[in-house]
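K.L.:
Sharing a model that was predicted from the sequence below.
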Amino acid sequence: MAKVTYDKQLTALLVVDPYNDFISEGGKIWNRIKAVAEANNCVPHMLQVLNAARTAGLRVFYALHHRYRPGDYESWRYIAPVQRAAWAHKSFEYGTWGGEVRDEFAPQPGDVVALEHWCSSGFANTDLDLLLKNHSIHQLIVIGLIAHTCIEATVRFAAELGYQVTVVSDATADYSDEEMHAALDINLPNYASAMVSTEEILASISALASDGARPVRADSRGSGATSTATHQAIQR
């Protein structure tokens, strides 16, 4: 059992891609993740964690995917398959409802929004690392979409940069149970210091609000790493 202790002054919540296209009825990608997201109550759990973080006074950071604009990729020499798919579907199209953050997850004054990432990692070719370091953040609690792409890539990159990362395993979703399993049970435990459930992280965050630190235990796979089968006055 690994033991992770959170320090309120060093810890932030990182919210990844809470766009309407992902997590709202009518979104371009919602129908692809709906079964998995509803099976583990992903969206309500994301909102619970976000609200708890705000109540506890934790800093909230956003890592948002690039919003499609006409002409984005036409002149590129190399385009990753995931980018080609976003291009084909015009995912998170700028200026449309689908490319907006769902209302309940909208950044609030004091939150920090990093530059949009072009592929999957919230760190690659953005200012996220700079912003975290300038706010003295060393520990990250990560929620959002999608488990095997942006969540996995962002957590891997965070670990490479020396951050201690906790993944809230039922506050993310994917296209299938198989992809969730690959991300949560096989890949992410190699990089996340803890894989926890919403219930577990809410207890830890609640304690932070009162005493400033809270240990939470999780093994390498984490008790929260369960299968899915069962902008806005922003401060930089």
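P.N.:
Yep, that arrived. This structure is a prediction, so every number in the text was calculated from the model and none was measured. Numbers count the residues shown, from 1 in each chain.
K.L.:
list the contacts for the residue in the chain sticking out farthest from the centre?
P.N.:
In the chain, counting by CA atoms, centre = their mean, residue 75 sits farthest out from the average C-alpha position, at 29.8 Å. With contacts defined as CB atoms under 8 Å, 6 or more residues apart in numbering, residue 75 has no neighbours. Just so you know, the C-beta spots here come from the backbone N, C-alpha and C atoms, and that holds for glycine as well.
K.L.:
Kindly provide the distance from it to residue 66.
P.N.:
Distance, residue 75 to residue 66, using CB to CB, to the nearest Å: 15 Å.
K.L.:
got it, and residue 205?
P.N.:
30 Å.
K.L.:
The two - which one has more neighbours?
P.N.:
residue 205 (26 against 19; other CB atoms under 10 Å).
K.L.:
May I have the secondary structure class of that one?
P.N.:
Assigned by DSSP: H, G, I helix; E, B strand; the rest coil, the conformation of residue 205 is helix.
K.L.:
What sits closest to it if chain neighbours are left out?
P.N.:
residue 52 (4.5 Å; CB to CB, 6 or more residues apart in numbering).
K.L.:
give me the number of residues near residue 190?
P.N.:
Neighbours of residue 190 using other CB under 10 Å come to 10.
K.L.:
Sketch out the low-pLDDT regions of the protein for me.
P.N.:
Low-confidence segments of the chain (pLDDT under 70): 1-2, 211-236.
K.L.:
if we can go back for a sec, and the residue farthest from the centre of the chain, which of the three is it?
P.N.:
Per three-state DSSP, residue 75 ends up coil.
K.L.:
And for the one 3 residues further on?
P.N.:
Going by three-state DSSP, the secondary structure assigned to residue 78 is coil.
K.L.:
Next: residue 195.
P.N.:
Under three-state DSSP, residue 195 comes out as strand.
K.L.:
So it is in contact with residue 172, correct?
P.N.:
No. At 10.6 Å, residue 195 does not count as touching residue 172 under the criterion of CB atoms under 8 Å.
K.L.:
Among those two, which residue is more densely surrounded?
P.N.:
More neighbours surround residue 172 than the other of residue 195 and residue 172, with 30 against 25 (other CB under 10 Å).
K.L.:
nearest spatial neighbour of the more buried one, skipping sequence neighbours?
P.N.:
Nearest one to residue 172, counting by CB to CB, 6+ apart, is residue 147 at 4.6 Å.
K.L.:
residues in contact with that neighbour?
P.N.:
Counted by CB under 8 Å, 6+ apart, residue 147 has contacts 172-174, 179-180, 183-184, 188.
K.L.:
let's go with 7 Å and repeat that
P.N.:
172-174, 179-180, 183-184 (CB atoms under 7 Å, 6 or more residues apart in numbering).
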